[in-house]
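Trainee: This is a predicted model, with the sequence first.
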Amino acid sequence: MKGTSAPPPGRPATRRPSRLPLRPHTRPPSRYTPRAAAVTVACALVASGVGVLLIGGGDYPMPPGAVLRALLGGGGPAETFIVHELRLPRVATALAAGAALGLAGAVFQSLARNPLGSPDLLGLTQGAATGVLLTIVLAGGAGSLAVAGGAAGGGLAAGLVIYALTGRNGLHGTRLVLTGIGVAAILTGVNGYLITRAQITEAARAVLWLTGSLDGRDWGDAGPLLAALAVLAPVVIAGCGRSLRMLELGDDAAHALGTPVGRVRPVLLAAAVLLAALAAAAAGPVAFVALTAPRLAAALTRAPGPNLLPATVMGAALMVTADLAGQRLFPGHQLPVGVVTGLVGGGYLLWLLAAQRRTGRI
């Protein structure tokens, strides 16, 4: 036949290797896209602009120009004191807590492969609240470091209980969410009991903290969370971001692509739990930011993968925007930031559950 010929005598027949089609699904999604970068920059600008408005509001209003001058080292002594000592710590706490919750929510939703995988729904925030309440009730006038330590210990303990109840193979899907909801319900009852056992002053302090409030925050409250973000955010985003994208393909695929699943997953879980717990210690158990920020970031970027950096910046923007809304919606009556996020996030959760039901996932 045309195109075929017998091999020369004495030479073995050779077979031309066939061209196998590439399988694009075995490659992880790209790390950054122009749209994701634009969304990240836009959220950062929104967070910064709202932060400037927050600093300029209050009994002594300041225009944005005066706020920027004071932040850059200019302005008079009164403006410098008001900005750096009275108002900037609150805004820094809001930005840091929102960023920590957004990053923690993105990690949990990616590992669980479920949009309902959020620290406040999985019981981790309630565990941090138990640790803080134990610190307040037992130690009374405990400082910021003690409160942060109690939150971290309570969050890690709750995470270990959930991990033990679900098992290594249960960290995905509905089983993890249902286990977390059960643990959260138990811890909510424990927290209520701890409040009844506290003195009146400690009980009032605990109730205000449980509402999720940024009132009276100083650098001592923001310091532990800022330090944790400085250490854990690069570890999660730069160090484990690629591995997290691999884990979204499944454990078997991640193993085949060279990801050390047994080492990466515990690091990601511990980092996310610590971020959520320290955010609760700084701003109280603010609900739904960790649930909403990653989903909004994914919807805006339209990029596959966990979108860690956009979710982090989105969380910061959501937190300061909720705080601004709480201060400006009802003149003369400030709403705690946890009330605002609860009202908005509760509606979003109902919509998300309805969407999951329509697609047959629940």
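Mentor: Yep, that arrived.
Trainee: okay, the nearest residue to residue 255 once chain neighbours are set aside: pLDDT?
Mentor: Spatial nearest neighbour of residue 255, chain neighbours left out: residue 261 (6.0 Å); criterion: C-beta to C-beta, 6 or more residues apart in numbering. C-beta: built from backbone N, CA, C; applies to glycine. Residue 261 carries a pLDDT value of 77.
Trainee: quick one: residue 261 from residue 176, how far?
Mentor: Applying C-beta to C-beta, to the nearest Å, the value for residue 261 to residue 176 is 16 Å.
Trainee: Who has more neighbours out of these two?
Mentor: residue 176 (25 against 16; other C-beta atoms under 10 Å).
Trainee: can I assume the more buried one is in contact with residue 162?
Mentor: Yes: Residue 176 is within contact range of residue 162, at 7.4 Å (criterion: C-beta atoms under 8 Å).
Trainee: shared neighbours, these two?
Mentor: residue 122 (C-beta atoms under 8 Å, 6 or more residues apart in numbering).
Trainee: Any regions of the stretch 101-250 of the chain where pLDDT drops low?
Mentor: Scanning the stretch 101-250 of the chain for pLDDT under 70 picks out 139-142, 168-173.
Trainee: show me where it has strands.
Mentor: With DSSP state E, counting those that start in this stretch as the criterion, the stretch 101-250 of the chain has no strands.
Trainee: Could you pull out the helices in it for me?
Mentor: Here the stretch 101-250 of the chain has its helices, by DSSP state H, counting those that start in this stretch, at 124-139, 144-166, 174-196, 200-211, 219-234, 241-247.
Trainee: for the ones you listed, which one sits closest to residue 68?
Mentor: helix 219-234 (20.2 Å; C-beta to C-beta).
Trainee: What residues of that closest one count as buried?
Mentor: 221-226, 228-229, 232-233 (16 or more other C-beta atoms under 10 Å).
Trainee: Most tightly packed of the helices of the stretch 101-250 of the chain?
Mentor: helix 124-139 (a mean of 25; mean count of other C-beta atoms under 10 Å).
Trainee: so residue 329 makes contact with residue 335?
Mentor: Yes: judged on C-beta under 8 Å, residue 329 makes contact with residue 335 at a distance of 6.7 Å.
Trainee: and these two? which has more neighbours close in?
Mentor: Between residue 329 and residue 335, counted using other C-beta under 10 Å, the more crowded position is residue 335 (18 against 11).
Trainee: Just say helix, strand or coil for that one.
Mentor: coil (DSSP: H, G, I helix; E, B strand; the rest coil).
Trainee: Just the C-alphas of stretch 155-166, formatted as CSV.
Mentor: The C-alpha trace of stretch 155-166 is given here as CSV (Å, rounded to 0.1, in the frame of the first residue of the first chain):
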residue,chain,number,x,y,z
GLY,A,155,-10.6,27.5,68.2
LEU,A,156,-7.9,24.9,67.9
ALA,A,157,-9.7,22.6,70.4
ALA,A,158,-13.0,22.9,68.4
GLY,A,159,-11.1,22.1,65.2
LEU,A,160,-9.6,19.0,66.8
VAL,A,161,-13.0,17.8,67.9
ILE,A,162,-14.5,18.3,64.5
TYR,A,163,-11.5,16.6,62.9
ALA,A,164,-11.9,13.6,65.2
LEU,A,165,-15.6,13.3,64.6
THR,A,166,-15.4,13.5,60.8
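Trainee: dump the residue contacts of residue 103.
Mentor: Neighbour list for residue 103: 233, 236-237, 272, 275, 308, 311-312, 315 [criterion: C-beta under 8 Å, 6+ apart].
Trainee: same thing but at 7 Å, please
Mentor: Residue 103 sits next to 233, 236, 275, 308, 311-312, 315 when contact means C-beta atoms under 7 Å, 6 or more residues apart in numbering.
Trainee: wait, which of those is closest to residue 158?
Mentor: Nearest to residue 158 among the contacts of residue 103, with distances taken as C-beta to C-beta, is residue 275, at 14.1 Å.
Trainee: So the closest one sits against residue 100, correct?
Mentor: Yes: applying C-beta atoms under 7 Å, one finds residue 275 in contact with residue 100, separated by 4.1 Å.
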